[in-house]
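**Q** 3D, please:
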Amino acid sequence: MKKLGTYIWVLTAAIIGWGGIWLVASGTRLAVNGFAVSKVAVLNFNQSPPNSNLANVASVLSATTSVPIYEKPAPAQQEKEIKIIIGGDVMFDRHIRALANSQYSSSYDPIMAGISPIFHSADIGVVNLEGPITNFPSHTLFANGQTSKELTFTFASTTATALKDAGIKLVSLANNHTNNFDASGLSQTKGFLDSAQVGYFGDPNNASSTEKVICMDACFAFVGYHEFTHGFDRILADVTRLSHQGYTVIVMPHWGDEYATTSPTRIKAKARQLVEAGANVVIGSHPHVVEDKEWINNVPVIYSLGNLVFDQYFSNEVMNGNIAEITFKVDANKINGNYGTARLEKIALQNILINRDSGPVLVGDPVEFKL
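**A** Residues are numbered from 1 along each chain as shown. Coordinates of the predicted model:
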């Protein structure tokens, strides 16, 4: 009976020992395969195992489990790229309307064809709409096809759809022509743009809170400013408010002196005020020619992009414009549905040439505007 008890004790110890080893080994395999998040400890290696073989195995397993257990890493933080394309002044009356009527069956799509690829490449395409879209008869194009020097513009109702077809998603109304037909014309403009699903921002009278906020991974607030009326203080207040709300603020002022290739001192002072108020990008229009540019406190200020779609052909300066390509990077990992913060990655300028009989076309490659 004593011998039988001894055999039973030895057999039990062996079963327990090898079972423990199997559990440790299994636990280690599971950990190595990434299914465990903590070490598996079955044997107490501070106690002497029943025999030397178990001691050797235990020593190996102890060394194995001292290696940090594999944990599946969190996804690497990724960034998304957002591209915003901004063009200068577009005007669809006078000779532009005559060209559409006589050559393209009253369609503006062929006139926009040369620049539409760059706007379609953007997440947000923006221009300054230099006049209202209404059903009023033109004051600049007569029934016989002749044009006048009249500066009261109105664009055909199909203009809004042509903008959308060209890849333009947003227009500024803050200029000296969108109120050419007063409140009625401005109201019709907004109605036609709404129907075509083209957004708008700004106001010819610098009314407050006329910004447009677009969110895609980050939120961008577009603000318009019309220099030739009162209300700059209201625009500064809007920029400050939007900046404090965490938006990336893009200001498009309509300012400066026509046909001057260098911006005046008064405009440079206003640009600095906009930057100090919280603007992240400032891109102007109105002079009909490309003007100078600078960085103010790491903010790009382009004083004028010049014409984009316009019937001015009397000099190279008015027939050559720029399109701004602005690239932002945004942290793509959102937390609780919040949007990320946009970081300006690059800004480049694409040259365009306006052809009298066909419209604007892209010329050459974009040139980066560096700090």
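**Q** quick one, strands of the chain?
**A** For the chain, the strands defined by DSSP state E occupy 79-90, 124-129, 170-172, 199-201, 212-216, 218-226, 248-254, 281-283, 293-296, 299-302, 307-309, 320-331, 342-355, 359-368.
**Q** residues contacting stretch 234-250, please?
**A** Residues from elsewhere that reach stretch 234-250, judged by C-beta atoms under 8 Å, 6 or more residues apart in numbering: 84, 86, 206-211, 213, 218-223, 225, 251, 273-274, 277-283, 326, 328, 341-342. All C-beta atoms are positioned from the backbone trio N, CA, C, and that covers glycine.
**Q** mind doing that once more with 6 Å?
**A** The contact list for stretch 234-250 (C-beta atoms under 6 Å, 6 or more residues apart in numbering) reads 206, 208, 219-223, 225, 277-281, 342.
**Q** do the same with stretch 105-125
**A** 82-85, 100, 104, 162, 165-169, 214, 359-361.
**Q** next one: that stretch to chain centre, how far?
**A** 18 Å (C-alpha atoms, centre = their mean, to the nearest Å).
**Q** use 34 as the first number from now on
**A** Noted, 34 is the first residue going forward, which turns the last one into stretch 138-158.
**Q** what's the end-to-end length of that stretch?
**A** 26 Å (C-alpha to C-alpha, to the nearest Å).
**Q** again, but for stretch 180-193
**A** 22 Å.
**Q** the closest residue to Ile247 other than its chain neighbours: neighbour count?
**A** Closest residue in space to Ile247, ignoring its immediate chain neighbours: Phe253 at 5.2 Å, by C-beta to C-beta, 6 or more residues apart in numbering. By the other C-beta atoms under 10 Å criterion, the neighbourhood of Phe253 contains 27 residues.
**Q** I'd like the distance between Phe253 and Phe125.
**A** 26 Å (C-beta to C-beta, to the nearest Å).
**Q** now, among the contacts of stretch 267-283, which is nearest to Val400?
**A** Val314 (17.1 Å; C-beta to C-beta).
**Q** that closest one - how many residues pack around it?
**A** Val314 has 24 nearby residues by other C-beta under 10 Å.
**Q** repeat for the one 10 residues further on
**A** The criterion is other C-beta under 10 Å. On that basis, Glu324 has 23 neighbouring residues.
**Q** I'd assumed Ser337 was in contact with it.
**A** Yes. Between Glu324 and Ser337 there is a contact at 3.8 Å, judged by C-beta atoms under 6 Å.
**Q** for Ser171, what are its contacts?
**A** With contacts defined as C-beta under 6 Å, 6+ apart, Ser171 is in contact with Asp126, Thr187.
**Q** how far away is it from Glu163?
**A** 14 Å.
**Q** separation between the spatially closest residue to Asn209 that is not a sequence neighbour and Phe225?
**A** In space, and not counting its chain neighbours, Asn209 is closest to Phe261: 5.2 Å by C-beta to C-beta, 6+ apart. According to C-beta to C-beta, Phe261 and Phe225 sit 24 Å apart.
**Q** the two: which has the busier surroundings?
**A** Phe225 (22 against 11).
**Q** residue contacts, that one?
**A** Ile166, Ser190, Ala193.
**Q** show me the residues you listed that map onto helices.
**A** Secondary structure defined by DSSP state H assigns Ala193 of these to helices.
**Q** so where is the stretch 34-183 of the chain shaky, pLDDT-wise?
**A** 34-110 (pLDDT under 70).
**Q** how far away is Ala240 from Gln278?
**A** From Ala240 to Gln278 the distance is 19 Å (C-beta to C-beta).
**Q** same deal with Ser337?
**A** Taken as C-beta to C-beta, the span from Ser337 to Gln278 is 29 Å.
**Q** and for Asn209, the neighbour number?
**A** With other C-beta under 10 Å as criterion, Asn209 counts 16.
**Q** do the one 10 residues further on as well
**A** Burial of Leu219, expressed as a neighbour count using other C-beta under 10 Å, amounts to 20.
**Q** which residues touch it?
**A** By C-beta under 6 Å, 6+ apart, the residues touching Leu219 are Asn212.
**Q** the residue positioned nearest the centre of the chain bridge partners, please.
**A** Centroid check for the chain by C-alpha atoms, centre = their mean gives Ile115 as the closest residue, at 4.0 Å. Legend: beta-bridge partners of Ile115 under DSSP bridges are Phe361.
**Q** where does the prediction get shaky in the stretch 234-383 of the chain?
**A** 366-370.
**Q** run the last query once more with 80
**A** Counting by pLDDT under 80, the stretch 234-383 of the chain has low-confidence residues at 365-370.
**Q** Ala310 - nearest residue in space that isn't next to it in sequence?
**A** Ala310 sits nearest to Val272 (C-beta to C-beta, 6+ apart), 4.2 Å away.
**Q** what is the burial count for Ser135?
**A** So Ser135, with other C-beta under 10 Å, has 10 neighbours.
**Q** show me how the chain divides into domains.
**A** 35-98, 112-401 (automatic domain parsing).
**Q** deepest of these, which one?
**A** Of all those, domain 112-401 has the most neighbours on average by mean count of other C-beta atoms under 10 Å, namely a mean of 19.
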